[in-house]
Each structure stands twice: as C-alpha cells, then as structure tokens.
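[1] Just the structure for this:
(2 chains)
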Number of protein chains: 2
Amino acid sequence: MKEDILYHFALGTPTHNFPALFGDVKFVCVGGSPSRMKTFITYIAEELGINNGGNDFPNICAGTDRYAMYKAGPVLSVSHGMGIPSIAIMLHELIKLLYYSKCSNVTIFRIGTSGGIGLAPGSVVVTKQSVDATFKPQFEQVILGKTVYRKTDLNNDLAEELMECAKELNQFNTVIGNTMCTLDFYEGQARLDGAICSYTEEEKMQYLKAAYDAGVRNIEMESSVFAAMCNLSGLKGAVVCVTLLNRLEGDQINTPHHVLNEYQKRPQKLVGHLIKKCLGRK
Amino acid sequence: MKEDILYHFALGTPTHNFPALFGDVKFVCVGGSPSRMKTFITYIAEELGINNGGNDFPNICAGTDRYAMYKAGPVLSVSHGMGIPSIAIMLHELIKLLYYSKCSNVTIFRIGTSGGIGLAPGSVVVTKQSVDATFKPQFEQVILGKTVYRKTDLNNDLAEELMECAKELNQFNTVIGNTMCTLDFYEGQARLDGAICSYTEEEKMQYLKAAYDAGVRNIEMESSVFAAMCNLSGLKGAVVCVTLLNRLEGDQINTPHHVLNEYQKRPQKLVGHLIKKCLGRK
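    Residues are numbered from 1 along each chain as shown, chains lettered A, B, ... in the order given. Predicted coordinates:
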C-alpha cells in the first residue's frame, strides 16, 4: 500500500515517520488498561535509567481515545482494552507499525489480570497454551463467513526465561500453566453474579474443576488471539497475568483496592526484570 | 446477593446508594469511545436545558479507566470500548445497576460508528436485526463450554420512531437495515489492509455483496450481544450507527478528521431528538 492509516492509533504513514519514531523498538508490552500501561512505561523507564528530561512520557496516540501508547527507549507500552476483538484491532495496527518502522527481533508481552483456578490470589501465571472454553488450544477466526482455527501455543523458551526471572525475583508465586480465553466475563467464565445466569453453582464448580484438570490455571479474555497473531507474524510472545481471585472460592473481585494495585504490578515487575536482563546481556 | 461490586464500573452496593444516584434514569446511551460519550452528555443536557451549575458533568466511573459514565437528568451516557466482550461486561453491570436503582421503563440506545455497504458515507443506519458473519440473526454465546444461540431482533416500534425523527430532522440520509456484527475489524470484515490477509479483492467483494443482498447495510462489532441482552433483560433497545465509509469502495478510513467528527454527531442528534420528543410528551 502506498499510504496506510492506522485508524485506531490515529497514526499514519503520510503523517508520521515510523522508522524515526519506532525503529529502535525491541520490546512491546500490552495490557488492557491505559493507565496501567502508563504506570508501566514510567516503571520500566526508571528501571532502565531512561528519563524524558524530567517530563512525563506523552501518549503517542493522543489523537484518539481507543488506545494509549507510550515509549521509553526500546520499550513500547500499548493499551488494548478488553476482549479479543479489541486486542485484535490493536495487534493488526501494531504489527503494521513495527513493519513500517523496520523493527526486527521484537518480543511482545501481554501483562494483564485474570481469574485464577486453584491458585492463591496474587499468583502470576505464565501461559503455556491459550485454550478456548472447551479447553482446546485453538483460536477460532471467522473469515468471509467461514471459520478457521489457529494455533495458540506461546513461545516456550520465553516462558522458561520468565520462570527463571520469577525465581531470581522471588517475590510472589509464579507458575506456568494453560490460560483459558473467553469471549465473556460473566456467563463465559461460569460466574453466578452476572445480570443473566442459567446454571447452578454445582454446574459452575464442575466446569471450573474440569478446566483445572485440563491444565487451566487462569482465565482471561485476550490471550488466544494474541498467541495466534504472534504465531502468524513471527513475533516472540508471552502472556503474563496475575490472578486477582481464586475462582474456586468465588466470583466477585472485592479485594481492597491497594491490594489489587500491588497484584497488578507483579506482571510488570516480572517482565521488567526480563527486559533489564536482556538489555544487560548485550 | 447481599453485596454486589460492579467491578468494571468501580461502583458497588456497599459504597453507593444506587436508587438515589440512578433511580430517575429513563434513557441510557452507550457508545464505544469515552470522549464521545462525554460529548453526548454535554449535548443532550443542553438540548434538555439541564445544567450542572455551570460545571462539567463528572465521570461517575472515575475510579476505573475501563468505562466512563455520565448522567444528566434522566439520561445516562456510558462508554463500552470496542467489541462484543467489552460491551457485554458493561451491559451486565449496567443491567444490575438499573435493577438495584429500581429503574423502570428504560430505553437504551447504542450510538456508534460502522462501515457501510452500498450507502454514501455519513448515512445513518437504524438496525432492524443484528446478523452474524453468515448473515443469520443470532448471537452465539458460550456457556460452560457449550454454545447457545440468542435472538438479535431489535425493538421494531423504537426503530420506526427513530425513522420518524430522522424525517423530522431531515439533515442526513437515514435507513433501516440489518447490521452485521463481527468479532474482528480486519479479517472479520473482509478488509484487505490488515496485518494478516488470506483472500483476494474479488473474494472480499463477493462476500460484501452477498451481505448487501442479505439486507446488511452496515458492519460493526457490538450490536449482536446488545440486542441479545436487551431481549433477555426486557430493555427496549435500538442501534443507531453512522457509516464512516462505503466498504464497496474501500477499507481505509481516511476521511478528514473534521468530517468524521460531524458524521459521529449524527446518531447523537437522532437519538437526542427522540429523547426530547419522549420527554416533551409527558
């Protein structure tokens, strides 16, 4: 294409010099909440000793409120909203951005929150495979009205490196496990507290225990398309989510705000540690 | 439930008096972008002669950046992000909010943007049925790993009332038609300009023309679950989306910003007109 508008980023090749703006990017961290991704860029910049002349890092996508994007040296931090469709739009435009910027050897992390299964709240799960609601490691994509299935394995070496980092940090429980990715937070995750619910507590528990037996350790809403698009585009990717609650014990997230805040920093710390190590190695 | 935390709104029955805060709500308008929903509340407040003592209307969900919510008299304006999962979370929590607030006879509108098929850009489509990527009027919901199908008809009388309002306003082209709701913006909507594309321009055109022949006049990403949840909860609902481009003529949204801005106000004007009429009638 001669010109390309990345509409949801409010960036485009006619108006932005992508290689100059993003050519040095080596790590991309994505997460649902714009404010959390801003917190992350401040954190990683401090860890890497990068400062922006004493100023805040500006939102590169300030022309839109669909996504927020921040950059500190080789690290890009982008929000993706909630759910597969929202992160998919972002990933399409991000992959094009990296391509136009002539970036190479980029590693991408999703740092997020999730519901745990059989884990103490605050545990961090590094995803081995993302599985669907029937526990199959696949992502269903509808193209021209026809369904195709895509692989949802994540990079094994990167997951092992993250587990090594978790050992070095030794600050919170971290496990490797399968992550179930759903299209819905309430009925899709067997919650009893949605506006609509057509099953019993017993059926819910049966389903969640079956998920546990299939190797599922947490549930979230973006990992499957993230894994599928990493595989298709050749990006090395990892999904690192903290569990805010143990779904075998309840549905509501009623943990105090300051505790949740500390939990949400754990994936940032883990990924931050890995990025520091990688950059130090050079 | 004794206590209920609406986590993604950062509101809860232990901390907020729902009937006092929301008991008078009669109209809810939802849309993807938080800033557009803020613009809408300012617009409708002006139209209804409601002022907030000269101050801005505050974001009721300021405790989170997942959604934004504003209120002016009987009108609530809520953002829902992009895609079915994102709007579904919001609708679950909104329906619970209206229930706890003891609201009755509430009408809900989705005012959004879309890609048109065979319509001049800037046309407004009032949805008759929301259809899936195979043009069937159904929403697929996965519950405990099993797929159930839900009806996606929208309220016919409300759609007719909106068409009547469009005639009265007489400012832009407005049609009733089917709206295709997809899980993806690029491959899911037969775009050729995504990071991944496995079909030809000819196959794309064939698909979009088949959609047109099936009565589809626009494509967006939230209407199916919106319609399904309206039907299940008894809310009277309408989907009113402006088309930003004609997909038979291209994929990119490269219309100047000020033109897009004017387009985006059209659903607001149409729904605003209806709300004014309804309130005037009493």
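[2] Alongside chain B, which residues does the stretch 1-150 of chain A contribute?
    The stretch 1-150 of chain A comes close to chain B at residues A:1, A:3-5, A:7-8, A:12, A:32-35, A:65-66, A:81-86, A:88-89, A:91-93, A:95-96, A:99, A:133-135, A:141-145, as judged by C-beta under 8 Å from any C-beta of the partner chain. From N, CA and C alone the C-beta is placed, and that goes for glycine too.
[3] Among these, which lie within helices?
    A:34-35, A:84-86, A:88-89, A:91-93, A:95-96, A:99 (DSSP state H).
[4] Hmm, residue A:255 is touching residue A:113, no?
    No - if you go by C-beta atoms under 8 Å, residue A:255 and residue A:113 don't touch, sitting 11.3 Å apart.
[5] Which among the residues of the stretch 1-150 of chain A next to chain B count as buried?
    With burial judged by 16 or more other C-beta atoms under 10 Å in any protein chain shown, the buried subset of the residues of the stretch 1-150 of chain A next to chain B is A:4-5, A:7-8, A:12, A:32-34, A:65-66, A:81-86, A:88-89, A:91-93, A:95-96, A:133, A:135, A:141-145.
[6] any low-confidence regions in the stretch 151-282 of chain A?
    A:281-282 (pLDDT under 70).
[7] Longest helix in chain A, please.
    helix A:257-281.
[8] counting contacts, what elements does that helix pack onto?
    strand A:27-31, helix A:34-48, strand A:107-116, strand A:124-131, helix A:156-169, strand A:236-246 (3 or more C-beta pairs under 8 Å, 6 or more residues apart in numbering or on different chains; DSSP states H and E).
[9] The ones you listed into TSV, with extra columns for distance to residue B:153?
    Listed next are the helices and strands packed on helix A:257-281 as TSV, based on distance: least, C-beta to C-beta, whole Å:
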stretch	distance to residue B:153
strand A:27-31	37
helix A:34-48	35
strand A:107-116	33
strand A:124-131	33
helix A:156-169	45
strand A:236-246	36
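[10] OK, now which residue of the stretch 151-282 of chain A is nearest to chain B?
    Using C-beta to the nearest C-beta, the single residue of the stretch 151-282 of chain A nearest to chain B is residue A:195, 3.7 Å away.
[11] helix/strand/coil for that residue?
    At residue A:195 the chain is in coil, as set by DSSP: H, G, I helix; E, B strand; the rest coil.
[12] That one touches residue B:98, doesn't it?
    No - contact criterion C-beta under 8 Å: residue A:195 and residue B:98 do not qualify, at 9.1 Å.
[13] Between these two, tell me which one has more neighbours.
    A count of neighbours by other C-beta atoms under 10 Å in any protein chain shown puts residue B:98 above the other of residue A:195 and residue B:98, at 22 against 19.
[14] who touches that one in this structure?
    B:22, B:25, B:28, B:106, B:235 (C-beta atoms under 8 Å, 6 or more residues apart in numbering or on different chains).
[15] Could you identify which of those residues has the most neighbours?
    Neighbour tally across these (other C-beta under 10 Å): the maximum, 26 neighbours, falls on residue B:28.
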